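> have a look at this fold, sequence not included:
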(Lines give C-alpha, C1' and ligand atoms only; values in the text may rest on other atoms or scores of the structure.)
Protein backbone atom coordinates (compact mmCIF):
# COMPACT_ATOMS: atom_id res chain seq x y z
CA UNK A 1 0.00 0.00 0.00
CA UNK A 2 1.21 3.49 -0.82
CA UNK A 3 0.38 6.02 1.89
CA UNK A 4 0.69 9.79 1.60
CA UNK A 5 1.18 12.00 4.65
CA UNK A 6 0.52 15.73 4.64
CA UNK A 7 3.03 17.68 6.73
CA UNK A 8 3.23 21.32 7.71
CA UNK A 9 6.30 23.17 8.96
CA UNK A 10 5.38 25.25 12.02
CA UNK A 11 7.20 27.37 14.57
CA UNK A 12 8.14 25.22 17.57
CA UNK A 13 5.66 25.75 20.39
CA UNK A 14 8.40 26.65 22.90
CA UNK A 15 9.75 29.45 20.69
CA UNK A 16 8.92 33.09 21.55
CA UNK A 17 6.66 34.65 18.92
CA UNK A 18 7.66 38.12 17.72
CA UNK A 19 5.55 40.12 15.29
CA UNK A 20 7.29 42.64 13.02
CA UNK A 21 5.67 44.67 10.24
CA UNK A 22 2.49 42.61 10.44
CA UNK A 23 4.30 39.28 10.10
CA UNK A 24 5.83 36.72 12.45
CA UNK A 25 9.59 37.31 12.55
CA UNK A 26 11.32 34.00 11.90
CA UNK A 27 15.00 34.91 12.05
CA UNK A 28 16.59 32.16 14.10
CA UNK A 29 13.23 30.65 15.08
CA UNK A 30 13.16 26.85 15.21
CA UNK A 31 10.64 25.15 12.93
CA UNK A 32 9.36 21.60 13.40
CA UNK A 33 6.83 19.17 11.99
CA UNK A 34 3.35 20.16 13.13
CA UNK A 35 2.81 17.90 16.20
CA UNK A 36 -0.50 16.47 14.93
CA UNK A 37 1.22 15.59 11.65
CA UNK A 38 3.75 13.55 13.60
CA UNK A 39 0.90 11.26 14.69
CA UNK A 40 -0.14 10.94 11.04
CA UNK A 41 3.39 10.04 9.95
CA UNK A 42 3.85 7.52 12.75
CA UNK A 43 0.59 5.77 11.85
CA UNK A 44 1.59 5.56 8.18
CA UNK A 45 4.96 4.07 9.15
CA UNK A 46 3.31 1.51 11.42
CA UNK A 47 0.85 0.43 8.72
CA UNK A 48 3.59 -0.08 6.14
CA UNK A 49 5.88 -1.83 8.62
CA UNK A 50 3.08 -4.31 9.37
CA UNK A 51 1.97 -5.01 5.80
CA UNK A 52 4.59 -3.50 3.51
CA UNK A 53 4.27 -0.40 1.39
CA UNK A 54 5.68 3.05 0.75
CA UNK A 55 5.22 6.28 2.71
CA UNK A 56 5.39 9.56 0.79
CA UNK A 57 5.35 12.85 2.72
CA UNK A 58 4.02 16.00 1.05
CA UNK A 59 4.31 19.62 2.14
CA UNK A 60 3.93 23.18 0.85
CA UNK A 61 6.14 26.11 1.81
CA UNK A 62 9.36 28.06 1.46
CA UNK A 63 12.98 27.06 1.88
CA UNK A 64 12.69 25.81 5.45
CA UNK A 65 10.00 23.30 4.46
CA UNK A 66 12.80 21.10 3.11
CA UNK A 67 14.15 20.77 6.68
CA UNK A 68 10.79 19.45 7.86
CA UNK A 69 10.62 16.94 5.01
CA UNK A 70 14.16 15.72 5.73
CA UNK A 71 13.14 15.12 9.35
CA UNK A 72 10.20 13.04 8.14
CA UNK A 73 12.53 11.06 5.87
CA UNK A 74 14.83 10.48 8.85
CA UNK A 75 11.88 9.14 10.83
CA UNK A 76 11.30 6.52 8.14
CA UNK A 77 9.34 7.99 5.21
CA UNK A 78 10.50 6.66 1.83
CA UNK A 79 10.30 9.81 -0.29
CA UNK A 80 9.06 13.38 -0.16
CA UNK A 81 7.29 15.95 -2.33
CA UNK A 82 7.97 19.64 -1.72
CA UNK A 83 5.61 22.12 -3.38
CA UNK A 84 7.37 25.47 -3.29
CA UNK A 85 5.42 28.47 -2.06
CA UNK A 86 6.59 31.73 -0.58
CA UNK A 87 5.28 32.64 2.86
CA UNK A 88 1.80 34.16 2.76
CA UNK A 89 1.33 33.34 -0.92
CA UNK A 90 -1.52 30.85 -0.60
CA UNK A 91 -4.45 29.95 1.61
CA UNK A 92 -6.34 26.76 2.45
CA UNK A 93 -8.08 26.87 -0.93
CA UNK A 94 -4.96 27.04 -3.10
CA UNK A 95 -2.95 24.66 -0.92
CA UNK A 96 -5.72 22.08 -1.07
CA UNK A 97 -5.78 22.30 -4.86
CA UNK A 98 -2.01 21.82 -5.07
CA UNK A 99 -1.88 18.96 -2.58
CA UNK A 100 -4.84 17.17 -4.15
CA UNK A 101 -3.15 17.23 -7.55
CA UNK A 102 0.17 16.07 -6.07
CA UNK A 103 -1.58 13.21 -4.24
CA UNK A 104 -3.45 12.27 -7.42
CA UNK A 105 -0.15 12.01 -9.32
CA UNK A 106 1.60 10.12 -6.50
CA UNK A 107 -0.62 7.05 -6.74
CA UNK A 108 -1.41 6.99 -3.01
CA UNK A 109 -4.47 5.06 -1.89
CA UNK A 110 -4.48 6.35 1.68
CA UNK A 111 -3.75 9.89 2.85
CA UNK A 112 -3.19 10.79 6.51
CA UNK A 113 -2.78 14.30 7.94
CA UNK A 114 -2.86 15.96 11.33
CA UNK A 115 -6.26 16.87 12.75
CA UNK A 116 -5.20 20.52 12.72
CA UNK A 117 -2.08 22.68 12.76
CA UNK A 118 -0.89 24.38 15.93
CA UNK A 119 -0.23 27.70 14.20
CA UNK A 120 -3.72 28.55 12.94
CA UNK A 121 -5.88 25.57 13.95
CA UNK A 122 -8.13 25.79 10.89
CA UNK A 123 -8.23 22.04 10.22
CA UNK A 124 -9.43 22.60 6.64
CA UNK A 125 -6.80 21.35 4.21
CA UNK A 126 -7.15 17.57 4.59
CA UNK A 127 -10.95 17.76 4.41
CA UNK A 128 -10.77 19.93 1.29
CA UNK A 129 -8.31 17.50 -0.31
CA UNK A 130 -10.69 14.60 0.42
CA UNK A 131 -13.52 16.49 -1.28
CA UNK A 132 -11.38 17.37 -4.30
CA UNK A 133 -10.28 13.74 -4.69
CA UNK A 134 -13.74 12.34 -4.02
CA UNK A 135 -12.34 10.06 -1.29
CA UNK A 136 -13.95 8.91 1.95
CA UNK A 137 -12.86 10.92 4.98
CA UNK A 138 -12.73 10.43 8.76
CA UNK A 139 -11.38 13.05 11.15
CA UNK A 140 -9.76 13.01 14.60
CA UNK A 141 -8.96 9.29 14.56
CA UNK A 142 -7.48 7.65 17.67
CA UNK A 143 -7.31 4.08 16.31
CA UNK A 144 -6.78 2.60 12.84
CA UNK A 145 -6.74 -1.02 11.63
CA UNK A 146 -6.61 -2.67 8.20
CA UNK A 147 -9.57 -4.91 7.43
CA UNK A 148 -9.28 -8.30 5.75
CA UNK A 149 -11.33 -7.02 2.83
CA UNK A 150 -8.89 -4.18 2.21
CA UNK A 151 -10.66 -1.29 3.90
CA UNK A 152 -10.07 0.38 7.26
CA UNK A 153 -11.72 0.24 10.64
CA UNK A 154 -11.15 3.44 12.56
CA UNK A 155 -12.18 4.88 15.90
CA UNK A 156 -12.49 8.64 16.05
CA UNK A 157 -12.70 11.11 18.90
CA UNK A 158 -16.18 12.62 19.15
CA UNK A 159 -15.69 15.38 21.71
CA UNK A 160 -15.36 13.19 24.79
CA UNK A 161 -16.97 10.10 23.26
CA UNK A 162 -15.86 7.85 20.40
CA UNK A 163 -17.27 6.54 17.11
CA UNK A 164 -16.21 3.41 15.20
CA UNK A 165 -16.37 3.53 11.39
CA UNK A 166 -15.44 1.31 8.48
CA UNK A 167 -14.07 3.07 5.40
CA UNK A 168 -13.24 1.81 1.91
CA UNK A 169 -10.01 2.82 0.23
CA UNK A 170 -9.00 5.30 -1.07
CA UNK A 171 -9.55 7.44 1.99
CA UNK A 172 -8.29 10.49 3.89
CA UNK A 173 -7.78 10.37 7.66
CA UNK A 174 -6.79 13.08 10.14
CA UNK A 175 -4.87 12.05 13.25
CA UNK A 176 -5.83 13.12 16.76
CA UNK A 177 -3.57 13.16 19.81
CA UNK A 178 -3.53 9.70 21.39
CA UNK A 179 -3.45 7.75 18.12
CA UNK A 180 0.14 6.66 18.82
CA UNK A 181 3.48 7.81 20.20
CA UNK A 182 5.65 9.28 17.41
CA UNK A 183 9.21 8.00 17.14
CA UNK A 184 12.37 10.09 17.14
CA UNK A 185 14.74 10.06 14.17
CA UNK A 186 17.63 7.65 14.80
CA UNK A 187 21.18 8.42 13.66
CA UNK A 188 20.95 5.76 10.95
CA UNK A 189 17.71 7.30 9.72
CA UNK A 190 19.24 10.76 9.62
CA UNK A 191 22.09 9.49 7.47
CA UNK A 192 19.74 7.61 5.13
CA UNK A 193 17.50 10.67 4.77
CA UNK A 194 20.25 12.49 2.87
CA UNK A 195 20.01 9.91 0.08
CA UNK A 196 16.23 9.60 -0.11
CA UNK A 197 14.44 11.36 -2.99
CA UNK A 198 12.90 14.77 -2.36
CA UNK A 199 10.99 16.03 -5.41
CA UNK A 200 10.41 19.77 -5.86
CA UNK A 201 7.28 20.96 -7.62
CA UNK A 202 5.70 24.31 -8.43
CA UNK A 203 2.13 25.34 -9.02
CA UNK A 204 2.92 25.67 -12.73
CA UNK A 205 4.26 22.11 -12.90
CA UNK A 206 1.05 20.91 -11.27
CA UNK A 207 -1.03 22.80 -13.84
CA UNK A 208 -2.37 25.23 -11.23
CA UNK A 209 -0.41 28.40 -11.92
CA UNK A 210 -3.67 30.36 -12.19
CA UNK A 211 -5.02 29.26 -8.79
CA UNK A 212 -5.64 32.28 -6.59
CA UNK A 213 -6.39 32.52 -2.85
CA UNK A 214 -9.97 33.15 -1.80
CA UNK A 215 -8.92 34.78 1.48
CA UNK A 216 -6.36 37.41 2.43
CA UNK A 217 -4.64 38.02 5.74
CA UNK A 218 -4.93 41.73 6.42
CA UNK A 219 -2.59 41.87 9.37
CA UNK A 220 -1.00 40.12 12.31
CA UNK A 221 -0.37 41.66 15.70
CA UNK A 222 0.68 40.59 19.16
CA UNK A 223 -2.00 40.61 21.87
CA UNK A 224 -2.07 43.78 23.99
CA UNK A 225 -0.02 43.70 27.16
CA UNK A 226 -1.96 42.93 30.29
CA UNK A 227 -2.18 45.79 32.79
CA UNK A 228 -0.53 45.13 36.16
CA UNK A 229 -2.64 43.47 38.82
CA UNK A 230 -4.26 45.49 41.58
CA UNK A 231 -4.37 44.50 45.25
CA UNK A 232 -7.40 45.53 47.26
CA UNK A 233 -6.93 46.49 50.90
CA UNK A 234 -9.14 47.01 53.89
CA UNK A 235 -11.59 44.72 55.60
CA UNK A 236 -13.26 41.86 53.71
CA UNK A 237 -16.40 43.99 53.41
CA UNK A 238 -14.42 46.92 51.98
CA UNK A 239 -12.58 44.63 49.56
CA UNK A 240 -15.90 43.16 48.35
CA UNK A 241 -17.35 46.63 47.82
CA UNK A 242 -14.24 47.83 45.96
CA UNK A 243 -14.24 44.69 43.77
CA UNK A 244 -17.90 45.13 42.91
CA UNK A 245 -17.26 48.78 41.97
CA UNK A 246 -14.33 47.82 39.72
CA UNK A 247 -16.32 45.08 38.00
CA UNK A 248 -19.19 47.51 37.46
CA UNK A 249 -17.34 50.67 36.46
CA UNK A 250 -14.11 49.46 34.79
CA UNK A 251 -14.63 45.87 33.63
CA UNK A 252 -18.29 46.59 32.76
CA UNK A 253 -19.34 43.05 33.66
CA UNK A 254 -21.83 44.02 36.36
CA UNK A 255 -24.93 46.15 35.96
CA UNK A 256 -26.73 48.34 38.44
CA UNK A 257 -29.80 46.73 39.89
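Structure's in. What do you need? All of these numbers come straight from a predicted model, not from anything done at the bench. Numbers count the residues shown, from 1 in each chain.

> for the stretch 51-200 of the chain, which segments count as helices?
Under the criterion DSSP state H, counting those that start in this stretch, the stretch 51-200 of the chain contains helices at 65-75, 92-106, 125-133, 187-193.

> now do the contacts for residue 102.
By CB atoms under 8 Å, 6 or more residues apart in numbering, the contact set of residue 102 is 58, 81, 83, 201, 206. Just so you know, the C-beta spots here come from the backbone N, C-alpha and C atoms, and that holds for glycine as well.

> please name every helix or strand in contact with the longest strand anywhere in the chain.
If you go by DSSP state E, the chain has its longest strand at strand 136-146. Packing partners of strand 136-146 (3 or more CB pairs under 8 Å, 6 or more residues apart in numbering; DSSP states H and E): helix 35-51, helix 125-133, strand 152-158, strand 161-167, strand 171-175.

> quick check: closest non-adjacent residue to residue 155.
residue 143 (3.8 Å; CB to CB, 6 or more residues apart in numbering).

> and the residue of the chain most remote from its centre, how far from residue 249?
Relative to the centre of the chain, the most outlying C-alpha is that of residue 235, 51.8 Å out, by CA atoms, centre = their mean. Distance from residue 235 to residue 249, counting by CB to CB, to the nearest Å: 21 Å.

> give the pairing partners of the helix or strand bottoming out on mean pLDDT in the chain; include direction for each.
None of the helices or strands of the chain scores lower by mean pLDDT, DSSP states H and E than strand 23-24, at a mean of 73. Under the criterion DSSP bridges, strand 23-24 sits next to strand 19-20 (antiparallel) in its sheet.

> how is this protein partitioned into domains?
Listed domain ranges for the chain are 2-201, 226-257 (source: automatic domain parsing).
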